[in-house]
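[1] Sequence and predicted structure are below.
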Amino acid sequence: MLTVWIIFIVFILICLALDLGVFNKKAHIIKTKEASIFTAVWVSFALAFSGIIWWLFSQGIVENPTNLTADNAVLKYITGYLIELSLSIDNVFVIAVIFSSFNIPQLYQHKVLFWGILGAIVFRALMIFFGVALITKFDWIIYVFGAFLLYTAFKMLKSDDSHFNPKQSWIFKTIKKVYPITTATDGDKFFIRRMGIKAATPLFMALLVIELTDILFALDSIPAILAITEDPFIVFSSNIFAILGLRSMYFLISRMLEKFRYINYSLVVILTFVGLKMIFVHHIEIPEWLSLAVIVVALAGGILASVLIKNPQASDVIDGSN
């Protein structure tokens, strides 16, 4: 059983090594075409892995603490992956603000995201382990997770990421007090030495803020997927595939942020649905196909609304120019 986990983790490490050591060995600006290709590759990998999930559970190769059938395991994996992928979209908006605030050149953004995602994998693994352990030991904790997701959905409905300023955050101000920070960059270096003093560059500060904000995002995403399944391998694998696709998704979507202005409402619907599902888990049984349908419809609705509904601000700009 442990062999499956080792093989999966080795596969992820090989993918990361190929990413930074081969495909992106030389720093370059990732254009839309390249981002689209890599996004398609990661999504294809993630969906193809559902076949591996079916085989593992049908043959009893992986530990199955929740007694899932192979078909049900696949449904839960795909549903969990789509939840994590959709919540990752909100990450894109915040990352774009962080890069803009610290004036990170496009040439080095991929390296910052690479190390940020590597750290995110470690933090997510720890949070999944403790989250599953908590639900297994304390049944009532699922109600707490559900209430937290509803609160998060409400906050997301009322908040505006455009007002987020990383340099005004408690994280940045605290680091600035305890460690020298320079406003100058030196290539892709995270630290530079000036007048005998080692100082953190804007690249490192952007990386640190991304890491810490990802922990905050994980507080939403981990409970969300635990509402779908408590199987550790399904939770971990679906989460990791969503994270691995985040870099290419960022370079693809960040250039079209205005076109996806209604996607936040999709995330509100998804978090609300998942939160209610957790709260009523012992009273109402919701089939996996319905959970999957709600997530797909919510995402599709947000994307279609963004494409079809005219942006009033855009029309104001056009009218003002005439």
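    Perfect, thanks for sending it.
[2] Now do the contacts for I30.
    I30 makes contact with 24, 106, 109-110, 248, 251, according to Cβ atoms under 8 Å, 6 or more residues apart in numbering. Where C-beta positions appear, they are placed from N, C-alpha and C, glycine not excepted.
[3] in the stretch 101-250 of the chain, which spans are strands?
    Assigned by DSSP state E, counting those that start in this stretch, the stretch 101-250 of the chain shows strands spanning 191-194, 197-200.
[4] will you turn those strands into JSON lines that also has mean pLDDT, mean neighbour count and distance to A147?
    Below are the strands of the stretch 101-250 of the chain laid out as JSON lines (pLDDT from 0 to 100; neighbours: other Cβ atoms under 10 Å; distance: least, Cβ to Cβ, whole Å):
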{"stretch": "strand 191-194", "mean pLDDT": "83", "mean neighbour count": "13", "distance to A147": "42"}
{"stretch": "strand 197-200", "mean pLDDT": "84", "mean neighbour count": "14", "distance to A147": "38"}
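[5] So for I141, which of those sits nearest?
    Proximity to I141, assessed across those by Cβ to Cβ, is greatest for strand 197-200 (37.5 Å).
[6] before we move on, the earlier item: just flag the most distant two among the contacts of I30.
    Longest distance between any two of the contacts of I30 is 14.2 Å, between Q106 and S248; criterion Cβ to Cβ.
[7] quick one: which of these two has more around it?
    Legend: neighbour count by other Cβ atoms under 10 Å for Q106 and S248, higher for S248 (23 against 14).
[8] The more buried one against F38, yeah?
    Yes. Proximity of S248 to F38 meets the contact threshold set by Cβ atoms under 8 Å, at 3.7 Å.
[9] For the nearest residue to L246 once chain neighbours are set aside, what is the enclosing helix or strand?
    In space, not counting the residues next to it along the chain, L246 is nearest to S88; the distance is 5.1 Å by Cβ to Cβ, 6 or more residues apart in numbering. Element membership for S88, per DSSP states H and E: helix 70-101.
[10] Which parts of the stretch 151-300 of the chain are helices?
    Listed in chain order, the helices of the stretch 151-300 of the chain (DSSP state H, counting those that start in this stretch) span residues 170-178, 202-226, 232-244, 246-253, 263-279, 288-308.
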